[in-house]
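Undergrad: Got a predicted structure plus its sequence, pasted below:
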Amino acid sequence: MKIAIVHDWLTVYAGAERCLEQMLECFPQADLFALIDFVPEKDRAFLKGKTPKTSFLQKLPFAKSKYRAYLPLMPFAIEQFDLSAYDVVLSSSHAVAKGVLTGPDQLHISYTYSPIRYAWDLQFQYLSEAGLSRGLRSVLVRCLLHRIRIWDARTSAGVDHFVAISHFISRRIRKAYRRDADVIYPPVDLEHFAVGAVKGDFYITASRMVPYKKIPLIIEAFAAMPDKKLIVIGTGPEWEKCRAAAGPNVSLLGWQSPESLRDHLQRAKAFVFAAEEDFGIAPLEAQACGTPVIAFDKGGATETLRGLGDAQPTATFFDAQTTAAICSAVEQFEASAGRITAQSCRQNAMRFSVERFRHDLVAFVETRWAAYNDRAR
C-alpha cells in the first residue's frame, strides 16, 4: 500500500496530534499532508522526521497566528492536494481533512475526531462564547457556517469508511452525514503514568481553561465545600474567571511540567472532570495513576469510565453541569470511596493503551484494503 495521511493543520501537539503520532508509527512509509505546518522546532518529535506537504494557506499573511481566520478558504485548500498516486488515504479529521479528493481506485478511511463542531450541533454554543449571538457579524458567520455544513455533508460521500474516536462521536457522524462509523478509541500514553504510593487530602482538575471545560464551575463547587481542597492545573482564556471564583481552599498552579502533573495526579484523592468531551484523555491519565474520577455523565467519559453500578467501579458520575450536582457527586464519592481501588482504575486505563490503538488501526486498514481489492477484482 502507498499511503497518504492527511491532517487538518499542524500548530501544536495536542489530542489529535497524539493520534497522528501513532498513525505515523503504524505507517512509517506514509507521506504526510496538512493545510499548514507551524509546529515549533522543539515540539516536532511526534512528526517522526517527516516534512508535511502544506497548502497555499501556509504562505498567506498572518497564517501562523490567525490561521482560523482562513476557515472560508479551507474547504477549497484541502481539495487542492493531489493524492492520485496513493492507494490508501487516511484522513485525521476534526475539520476539513476528510474533504480531500480521491478516485474510484483509492480507499479513503477517515479517522474522525468529530464532524466540524462549530458548524453542526455546537454552533450556538460557539457563537455565544465568541460574542456572536446577534448583529451583522453574527449573520455573516452563520451564513459561512451554513455553506460549510453543505460542503461538509457533500464531501462525506467521498469517504469509504468512517472511524470515530468514541460511540458518542459515531452518533454525531450518523446525525451529520447519515453514515455509520466504526470506533477505535484514541491512544493514551500509559508508560509515563504509574500508580502512586500515597494519596493526599486534595482533589485535582487539570485542563486548558476554555469555556466548555467548565473549570470555573468546578472551582465554584469547591468554594461551597470549604473543608475540601482543590488543586487546579492549567491556563487559558478563563484564567481570571477561575481566579475570581477561587476561595482559600482552591490552589491555582497554572501551567505545570508533565512531571509535576503526574505527581499531583498520583497523590490526588480524585480527578474532577465537568466537560462534555468527545473522548477525554485527562481522566484516563488520572486512572492510569490509580486515581478515581468524578465526571459529568455525558460524552466520551460514559464509555471510558466505570460508574458505581459496575462490579469494579472507577468513577462517580454527576448528571448536570451545576455546582450542586458536583457537590453531591463529591459526597457520594467519599461515601463510596472504599469501593474504588487504584488497581481497578489502572486496569481500566489499560484498555486504551498505545499498543491497542496501533493494533486496531493497522488491522482495520489492512482488512478494509484487502476487502477493497477483492471487490475491485
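TA: Alright, I've got the coordinates.
Undergrad: Tell me the helix or strand right after the helix or strand of the chain with the lowest mean pLDDT.
TA: With mean pLDDT, DSSP states H and E as the measure, the helix or strand of the chain carrying the lowest mean pLDDT is helix 123-129 (a mean of 88). For helix 123-129, the following helix or strand on the C-terminal side (DSSP states H and E) is helix 136-155.
Undergrad: next helix or strand past that following helix?
TA: strand 161-164.
Undergrad: Now do that next one: which elements does it pack against?
TA: Packed against strand 161-164, as judged by 3 or more CB pairs under 8 Å, 6 or more residues apart in numbering; DSSP states H and E, are the following elements: strand 107-112, helix 167-177, strand 181-183, helix 354-376. No exception for glycine: its C-beta is placed from N, CA and C like everyone else's.
Undergrad: quick one: buried residues of the third one?
TA: If I follow you right, that is strand 181-183. When neighbours are counted by 16 or more other CB atoms under 10 Å, the buried residues of strand 181-183 are found to be residue 181.
Undergrad: Starting from it, tell me which strands it pairs with and how they run.
TA: Strands that pair with strand 181-183, judged by DSSP bridges, come out as strand 161-164 (parallel).
Undergrad: residues making contact with the strand it pairs with?
TA: Residues from elsewhere that reach strand 161-164 (CB atoms under 8 Å, 6 or more residues apart in numbering): 107-112, 156, 170, 172-173, 177, 179-184, 361, 364, 368.
Undergrad: same check, this time on stretch 243-263
TA: Outside stretch 243-263, the residues that touch it by CB under 8 Å, 6+ apart are 192-193, 206, 216, 219-220, 222-223, 225-235, 239, 242, 264, 289.
Undergrad: What subset of these is buried?
TA: Neighbour-count burial (16+ other CB under 10 Å) applied to the contacts of stretch 243-263 gives 193, 206, 216, 219-220, 222-223, 225, 228-235, 239, 242, 264, 289.
Undergrad: Looks like residue 181 contacts residue 174 (just checking).
TA: Yes: Residue 181 is within contact range of residue 174, at 7.2 Å (criterion: CB atoms under 8 Å).
Undergrad: coming back round to it: residues of the least confident helix or strand of the chain that come out buried?
TA: Buried positions in helix 123-129, judged by neighbour count with 16+ other CB under 10 Å: 123, 126-127.
Undergrad: could I have that helix exported to CSV, CA atoms only?
TA: Written as CSV, here are the backbone C-alpha positions of helix 123-129 (Å, rounded to 0.1, in the frame of the first residue of the first chain):
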residue,chain,number,x,y,z
GLN,A,123,-22.9,26.1,16.5
PHE,A,124,-24.9,28.1,19.1
GLN,A,125,-22.5,27.4,21.9
TYR,A,126,-19.6,28.6,19.9
LEU,A,127,-21.4,31.7,18.7
SER,A,128,-22.3,32.6,22.3
GLU,A,129,-18.8,32.1,23.6
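Undergrad: neighbours around the spatially closest residue to residue 208 that is not a sequence neighbour, how many?
TA: Of all residues beyond its chain neighbours, the one nearest residue 208 is residue 236 (4.5 Å), with distances taken as CB to CB, 6 or more residues apart in numbering. A total of 15 residues lie near residue 236 under the criterion other CB atoms under 10 Å.
Undergrad: my read: residue 236 touches residue 212, true?
TA: No: because the distance of 11.1 Å does not satisfy CB under 8 Å, residue 236 is recorded as not touching residue 212.
Undergrad: Chain neighbours aside, what residue packs nearest to residue 173?
TA: residue 181 (4.6 Å).
Undergrad: what's near enough to touch the one you found?
TA: Contacts of residue 181 by CB under 8 Å, 6+ apart are 112, 162-164, 169-170, 173-174.
Undergrad: Could you measure from it over to residue 353?
TA: With distances defined as CB to CB, to the nearest Å, the gap from residue 181 to residue 353 amounts to 22 Å.
Undergrad: How many residues are close by the residue nearest to residue 79 when sequence neighbours are not counted?
TA: Nearest residue to residue 79, sequence neighbours excluded (CB to CB, 6+ apart): residue 101, at 5.4 Å. Look at residue 101: counted by other CB under 10 Å, it has 16 neighbours.
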